[in-house]
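J.: build me a model from this:
(one chain, ligands or ions: 1)
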Amino acid sequence: MKGKVYLIGAGPGDYELLTLKGFNCIKNADVVVYDRLANDSFLKETKDNCEFIYVGKESKNHTKTQDEINEIIAEEALKGKIVARLKGGDPYVFGRGGEEGEFLLEKGVDFEVVPGITSAIGGLCYAGIPITHRDYASSFHVITGHLKEEDKELNWEALAKLDGTLVFLMGMANLQNICNNLIKEGKCKDTPVAIINWATRPEQKVVTGTLENIYEVVQREGIKPPSLIVVGGVVGLRDKLNFFEKKPLFSKNIVVTRARTQSSKLVDELKGLGANVIEFPTIKIEEITPNEEMDNSIRGLKEYSYVVFTSINGVNIFFKRLMDLGFDSRVFGNTKIVAIGSSTAKELAKYGLRADIVPEKFVAEELVKELEKVITKEDKILIPRASEAREILVEKLSKLCIVKEVKIYDTIVGEGNKEEIIKLLKNDKIDYITFTSSSTVKNLVKILGEENLSLLDKVKLMSIGPITSKTIEEFGLRVYREAEEYTISGLVVSLLVG
Ligand code: SAH
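T.: As a prediction, the model looks like this:
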């Protein structure tokens, strides 16, 4: 097959500011070539066997020159691969996309360019600065602060005369020079200036001042590249339009310990609230190899008067086997369905089934209470669930009627990167850790090692409910806050309380 290169604008940083077209290209790519300014969350979306080539500044080997990058992308495409070359912002806004395109043409490599949201516009937006506004600026100008030939100067005289918003990229090393030249050529020294560091990311930091004093402010606050320099009256609108930094969890570093397959709801909600989410899956779900016991329970499902689903995983794994065996939802017949937790009930709804009983509180004890009201000795209950699940449910229900527990999945210790999390803890880069079950607590302790537990003393430990809290306390740790409603949404609410 013929290879092809897609030069993709990945947007200014926020993962969701990528175009749909760019996203689809990434999903189809055989090789992804990316650098520091492209958000690496995209890498999760690729095909299973996709290769990654990092060509950014902190590259392990050495900094790749533009020529080397050109060679890499052309070579991969000539091998017949689909290459996604991710570039921060828009590929043609100081992204050297034009040069890459020319090179590919020369080599006879097919290519396409996917425009992106440039930091020069989108970055300002997230800092609460509209690049134009009828009262302040009727044009905008995006300027490099770093010319190809170092000894050449920009036309300061012309730039100083412009009324529109000036946005300098790659200008931090040259900030003082930029301000001095603009003042010298006649721009008012009180013209507002904003510096936006890591725009649209959870770590976004913005400082403001004037042409006269911004250099001093930047020195004092230690603002570094990558940053945007914005000059003009629109900077003043930031106080009113700064929606991003006003998000309730903005800049909070929150660790999610759930299994990756289950974490998306929590991760998405937290990101939407402005948090910097650090995914550290402490659990991995592993289906148990189908066996006779499992299959018999599915074949004989009609004989049970109740089936209890305790988790989303339980529902999906059970249904997968059920369908593999050639059945569909009709096997449930008149069997009543019980779901622990509204999300488990929602998952069942995807298979066209409505849960008959959803206990108000999402713990086993509550379920036993509910079932006690309706169950007789003649009833038979099937519980397909995790092999490590708490005994209490089966124990208590067995006193009321026949109970059959079938183990359909294991929850094993996840593959979170221990060194990385320890580094973050040591550098005070974590504000909260969320625990959504006792296993997440136990496994985090297992991964960290008891000797490192004291690192958790400074972090706010958030628990989804009483059972999880108890486990946290059993390790001598302190629960900072427990969710009032024992659900993911309840946990999010408790984070919003602070
Ligand atoms: N093609 C990119 C720009 C590449 S030049 C775009 O369209 O956005 C690199 C410069 O862009 C950096 O030096 C910095 O000035 C700016 N930049 C890119 N992303 C940024 C971000 N998230 N925050 C602040 N500045 C950013």
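J.: stretch 203-217 close to the ligand?
T.: No: judged by C-beta under 6 Å from any ligand atom, stretch 203-217 stays clear of the ligand, getting no closer than 7.5 Å. From N, CA and C alone the C-beta is placed, and that goes for glycine too.
J.: ok, the residue in the stretch 201-350 of the chain that the ligand sits nearest to to Val32 distance?
T.: Residue nearest to the ligand within the stretch 201-350 of the chain: Pro226 (3.9 Å; C-beta to the nearest ligand atom). For Pro226, the distance to Val32 equals 20 Å [C-beta to C-beta, to the nearest Å].
J.: before we move on, the earlier item: was I right about the residue of the stretch 201-350 of the chain closest to the ligand contacting Asp35?
T.: No: Pro226 lies out of contact with Asp35 (C-beta atoms under 8 Å); the separation is 11.1 Å.
J.: what residues do those two have in common as contacts?
T.: Contact criterion C-beta atoms under 8 Å, 6 or more residues apart in numbering; residues shared by Pro226 and Asp35: Gly88.
J.: lowest-pLDDT helix or strand in this structure?
T.: helix 364-374 (a mean of 85; mean pLDDT, DSSP states H and E).
J.: which other residues reach it?
T.: 306, 308, 310, 338, 340, 357, 359-360, 381, 390, 392-393, 396-397, 400.
J.: kindly recompute the last result at 7 Å.
T.: 338, 340, 357, 359-360, 390, 392-393, 396-397, 400 (C-beta atoms under 7 Å, 6 or more residues apart in numbering).
J.: quick one: those residues as a markdown table, columns for pLDDT and distance to Ile129 too.
T.: Output for the contacts of helix 364-374, formatted as a markdown table (pLDDT from 0 to 100; distance: C-beta to C-beta, whole Å):
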| residue | pLDDT | distance to Ile129 |
| --- | --- | --- |
| Val338 | 94 | 53 |
| Ile340 | 87 | 48 |
| Ile357 | 92 | 53 |
| Pro359 | 84 | 50 |
| Glu360 | 69 | 47 |
| Arg390 | 78 | 53 |
| Ile392 | 84 | 56 |
| Leu393 | 86 | 55 |
| Lys396 | 89 | 60 |
| Leu397 | 90 | 60 |
| Leu400 | 90 | 64 |
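J.: buried subset of the residues you listed, written for PyMOL?
T.: Those of the contacts of helix 364-374 that count as buried under 16 or more other C-beta atoms under 10 Å are selected in PyMOL with:
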select buried, resi 338+340+357+359+393+396+397+400
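J.: among the contacts of helix 364-374, which are located in strands?
T.: Val338 (DSSP state E).
J.: of the contacts of helix 364-374, which is the nearest to Asn242?
T.: Glu360 (40.3 Å; C-beta to C-beta).
J.: helices and strands around whichever helix or strand comes after the least confident helix or strand of the chain, which ones?
T.: If you walk from helix 364-374 toward the C-terminus, the next helix or strand you reach (DSSP states H and E) is strand 380-386. Counting contacts by 3 or more C-beta pairs under 7 Å, 6 or more residues apart in numbering; DSSP states H and E, strand 380-386 packs against strand 306-309, helix 312-324, helix 392-398, strand 402-413.
J.: can you redo these as JSON lines with distance to the ligand?
T.: Output for those, formatted as JSON lines (distance: least, C-beta to the nearest ligand atom, whole Å):
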{"stretch": "strand 306-309", "distance to the ligand": "43"}
{"stretch": "helix 312-324", "distance to the ligand": "35"}
{"stretch": "helix 392-398", "distance to the ligand": "49"}
{"stretch": "strand 402-413", "distance to the ligand": "35"}
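J.: tell me which residues in the least confident helix or strand of the chain are buried?
T.: Neighbour-count burial for helix 364-374 flags 364, 367-368, 370-371 (criterion: 16+ other C-beta under 10 Å).
J.: how many other residues sit next to Ile223?
T.: Neighbour count for Ile223, taken as other C-beta atoms under 10 Å: 19.
J.: can you give me the domain boundaries for this structure?
T.: 4-117, 121-246, 253-282+414-496, 287-411 (automatic domain parsing).
J.: end to end, how far does the shortest one reach?
T.: Length of domain 253-282+414-496, first residue to last, C-alpha to C-alpha, to the nearest Å: 13 Å.
J.: hmm, it in reach of the ligand?
T.: No: Domain 253-282+414-496 lies out of reach of the ligand by C-beta under 6 Å from any ligand atom, never closer than 13.9 Å.
J.: near the ligand, which residues of the stretch 51-200 of the chain?
T.: That would be 87-90, 93-95, 118-120, 123, 169-170, 196, 198-200, which are the residues of the stretch 51-200 of the chain within reach of the ligand (C-beta under 6 Å from any ligand atom).
J.: pick out the residue of this structure closest to the ligand.
T.: Gly89 (1.9 Å).
J.: right, and that residue touches Pro12 too?
T.: Yes: using C-beta atoms under 7 Å, Gly89 is in contact with Pro12, at 5.5 Å.
J.: give me the contacts around stretch 167-177.
T.: Residues from elsewhere that reach stretch 167-177, judged by C-beta under 7 Å, 6+ apart: 94, 120, 124, 140-146, 178, 215, 218, 224-225, 227-230.
J.: in what helix or strand does Val113 lie?
T.: In the assignment (DSSP H and E), Val113 maps to strand 111-114.
J.: please identify the buried residues of that strand?
T.: 111, 113-114.
J.: export those residues to CSV and tack on pLDDT?
T.: Below are those laid out as CSV (pLDDT from 0 to 100):
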residue, pLDDT
Phe111, 97
Val113, 98
Val114, 98
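J.: do a quick rundown of the strands in the stretch 51-200 of the chain.
T.: 51-54, 82-87, 111-114, 140-144, 165-169, 192-197 (DSSP state E, counting those that start in this stretch).
J.: out of these, which comes closest to Lys446?
T.: Across the strands of the stretch 51-200 of the chain, closest to Lys446 is strand 51-54 (C-beta to C-beta), at 28.9 Å.
J.: follow-up on the earlier one: wait, the residue of the stretch 201-350 of the chain closest to the ligand touches Leu37, no?
T.: Yes: the criterion here is C-beta under 7 Å, and Pro226 meets it with Leu37 at 6.5 Å.
J.: wait, Ile357 sits on Thr344?
T.: No: applying C-beta under 7 Å as the test, Ile357 and Thr344 come out as separate, 11.3 Å apart.
J.: which secondary structure elements does the strand holding Val113 contact?
T.: strand 4-9, helix 20-28, helix 97-106.
J.: next one: that strand to chain centre, how far?
T.: 26 Å (C-alpha atoms, centre = their mean, to the nearest Å).
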